[in-house]
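*Asks:* here is a sequence together with a model predicted from it:
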Amino acid sequence: MKCKLLALCCLLAAGTALAQTRKALFIIVDGIPADMIERLEPPAIHDIAARGAYARACTGGEIGGYSQTPTISAVGYTNLLTATWMNKHNVGGNSKLKPNYNYWTIFRIAKEQPTACRTAIYSSWTDNRTVLVGEGKPETGFLKIDYVCDGYDLDTVRFPRQEMRRRVFDIDEEVARQAARSIREEAPDLSWVYLWYTDEAGHLTGNGAYFDEYVLKADRQVAQIWEAVRYREANFNEEWLVVVTTDHGRAENGHHHGGQSERERTTWIATNRDVNSHFRSGRLAITDITPSICRFMGFEVPRDVRWEQDGIPFFGPVDIAEMKTSPYDDDIILSWECLNPEARVTVYMAAANRYREGGKEEWFELDTVKASDGSYRVEGGRLPDSKFYKFVLATPNNHLNRWVKK
């Protein structure tokens, strides 16, 4: 009888563990290049990574290619939110923003789930919510964010002008406090925290003691939020994914960004969860964060939305990476790196870009081959007459996509 009771208790405990509610939080700390994080080792970010992983990542798309993207703040946020580069999401700067909402953000994906998903944005700028995410717009299905803490950049009474634009730091302090309180008390299912002043410090002083000081102060803000997450995990049946990152690096002197230098393109990602080999492959990108959150949360992503995403999940199995296209006479050679020799790759082609305008893509299945083949030749005779083609390589565990323009 004791053995049966013990077995029953073990089964109940296992069932409870499996029933943990998953939550996801991503934090963008603006404009901190990877070398600063590695030199300063901010304690909270270091602690998060010690429980999971840290690696350098990239932003900026493909240099000289159709996806090349400015290393600018709002652009970087949108790279993350949509898992696409500027050639798709259409955000090219910090002003006159006209996102292409056909490329769904992680918040649109969350709200389209069959079960309710409570969302939150903690930020200084209202534009992050109302423009980049597109809350309330018909183009986003009148998306609604459940918990909102933003607009402080417009409040000059609570946050008056100060030397060195330190009102922005005070705004970040309030954002961090509100995010920590809300996570502790309300625990939204998907949350975005945005901290701004580190970018201001870099613009003002460049590399140096002042910039270092405020990176470490921003880390203390992250620590408040991280402590709230640990409180939830310790006291509730919840499993949290935390991702901390930045939107872009900086030029050599630390003052500027926007270009395609190595330091401007080099970012970083820290997470508290175990990762796959892609995370440490040297190919990690800011566009990988949304697919990773979707996988962790078990989100159902419509195929047409998913196939437009340029990122690869850094959790769980992946089969292929590094897709390239090489025109050869009238043919097009597709190539990739095989990560799982047992996988099969199905090759799809579309001869238009209807999705960009809100239409439905007409995909043609060309063939299925072994992932270990590493390449596939699309004969020109099989291509419809067009000056533009999309190709998708689909496997059981991930996909890759690429455009070809003639």
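*Replies:* That came in fine, so what should we check first?

*Asks:* CA only for contacts and neighbour counts going forward, please
*Replies:* OK.

*Asks:* neighbours around the closest residue to Glu200 other than its chain neighbours, how many?
*Replies:* Nearest non-adjacent residue to Glu200, counting by C-alpha to C-alpha, 6 or more residues apart in numbering: Arg165, 7.4 Å away. If you count neighbours by other C-alpha atoms under 10 Å, Arg165 ends up with 14.

*Asks:* now do Arg283
*Replies:* Using other C-alpha under 10 Å, Arg283 has 15 neighbouring residues.

*Asks:* so which residues of the stretch 101-250 of the chain form helices?
*Replies:* 106-111, 127, 167-185, 197-205, 209-235 (DSSP state H, counting those that start in this stretch).

*Asks:* what's the closest of these to Leu97?
*Replies:* The minimum distance between Leu97 and those falls on helix 127, with 9.0 Å, by C-alpha to C-alpha.

*Asks:* packing partners for that closest one?
*Replies:* Of the remaining helices and strands, none touches helix 127 by 3 or more C-alpha pairs under 8 Å, 6 or more residues apart in numbering; DSSP states H and E.

*Asks:* what mean pLDDT does it get?
*Replies:* What helix 127 shows for mean pLDDT is 96.

*Asks:* still on that earlier bit, in a markdown table: the helices of the stretch 101-250 of the chain, plus mean neighbour count.
*Replies:* Listed next are these as a markdown table, based on neighbours: other C-alpha atoms under 10 Å:
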| stretch | mean neighbour count |
| --- | --- |
| helix 106-111 | 22 |
| helix 127 | 18 |
| helix 167-185 | 21 |
| helix 197-205 | 22 |
| helix 209-235 | 18 |
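
*Asks:* for those helices, which one sits closest to Ala352?
*Replies:* Comparing those by C-alpha to C-alpha, helix 106-111 comes nearest, at 24.2 Å.

*Asks:* and that closest one, how far out from the chain's middle?
*Replies:* Here the centre of helix 106-111 is set off from its chain's centre by 13 Å, with C-alpha atoms, centre = their mean, to the nearest Å.

*Asks:* what do you get for stretch 204-220?
*Replies:* Averaging C-alpha positions (C-alpha atoms, centre = their mean) puts stretch 204-220 24 Å from its chain's average.

*Asks:* which residues touch it?
*Replies:* Here stretch 204-220 makes contact (C-alpha atoms under 8 Å, 6 or more residues apart in numbering) with 29, 32, 36, 40, 42-45, 164, 195, 197-198, 201-202, 253-256.

*Asks:* list buried residues within the residues you listed.
*Replies:* For the contacts of stretch 204-220, a neighbour count by 16 or more other C-alpha atoms under 10 Å gives the buried set as 29, 32, 42, 44-45, 195, 197-198, 201-202, 254-256.

*Asks:* identify the farthest-apart pair in these.
*Replies:* Among those, Ala44 and His256 lie farthest apart (C-alpha to C-alpha), at 26.0 Å.

*Asks:* in stretch 250-265, what counts as buried?
*Replies:* 250-251, 254-261, 263-265.

*Asks:* just those residues now: which is nearest Gly282?
*Replies:* Set against Gly282, the nearest of those by C-alpha to C-alpha is Arg265 (13.0 Å).

*Asks:* who touches stretch 35-51?
*Replies:* With C-alpha under 8 Å, 6+ apart, stretch 35-51 has contacts from 212, 215-216, 219-220, 222-223, 226, 242, 244, 270-274.

*Asks:* which of those residues sits closest to Thr21?
*Replies:* Val242 (14.2 Å).

*Asks:* pretty sure the closest one sits against Arg22.
*Replies:* No: Val242 is beyond contact range of Arg22, at 11.0 Å (criterion: C-alpha atoms under 8 Å).

*Asks:* the more surrounded of the two?
*Replies:* Val242 (22 against 15).

*Asks:* may I have the predicted confidence score for the residue lying closest to Ile225 once chain neighbours are set aside?
*Replies:* Leaving out its chain neighbours, the residue that sits closest to Ile225 by C-alpha to C-alpha, 6+ apart is Ala180, at 4.5 Å. Listed pLDDT for Ala180 reads 98.

*Asks:* how far away is Ala180 from Pro138?
*Replies:* According to C-alpha to C-alpha, to the nearest Å, Ala180 stands 31 Å off from Pro138.

*Asks:* cool, Tyr103 as well?
*Replies:* 14 Å.

*Asks:* give the residue spans of this structure that score low on pLDDT.
*Replies:* Within the chain, the stretches with pLDDT under 70 are 1-18.

*Asks:* tell me what angle the host helix or strand of Val75 forms with helix 197-205.
*Replies:* For Val75, the host element (DSSP states H and E) is helix 73-82. Here helix 73-82 runs at an angle of 150 degrees relative to helix 197-205 (axes from the mean of the first three to the mean of the last three C-alpha atoms, to 10 degrees).

*Asks:* tell me which residues of helix 73-82 come out buried.
*Replies:* Ser73, Ala74, Val75, Gly76, Tyr77, Thr78, Asn79, Leu80, Leu81, Thr82.

*Asks:* tell me the contacts of Asp304?
*Replies:* Taking C-alpha under 8 Å, 6+ apart as the test, what Asp304 contacts is Lys360, Glu361.

*Asks:* A helix includes it, no?
*Replies:* Yes: checked against DSSP: H, G, I helix; E, B strand; the rest coil, Asp304 lies within a helix.

*Asks:* gap between it and Arg129?
*Replies:* From Asp304 to Arg129 the distance is 24 Å (C-alpha to C-alpha).

*Asks:* repeat for Ile72
*Replies:* Taking C-alpha to C-alpha as the measure, Ile72 falls 18 Å from Arg129.

*Asks:* where does Pro291 fall, helix, sheet strand or coil?
*Replies:* Criterion first, three-state DSSP; result for Pro291: helix.

*Asks:* name the nearest residue to it, sequence neighbours excluded.
*Replies:* Pro313 is the one closest to Pro291 (C-alpha to C-alpha, 6+ apart), at 5.0 Å.

*Asks:* and for that neighbour, the neighbour number?
*Replies:* 25.

*Asks:* cool, and Phe279?
*Replies:* Phe279 is flanked by 22 other residues according to other C-alpha under 10 Å.
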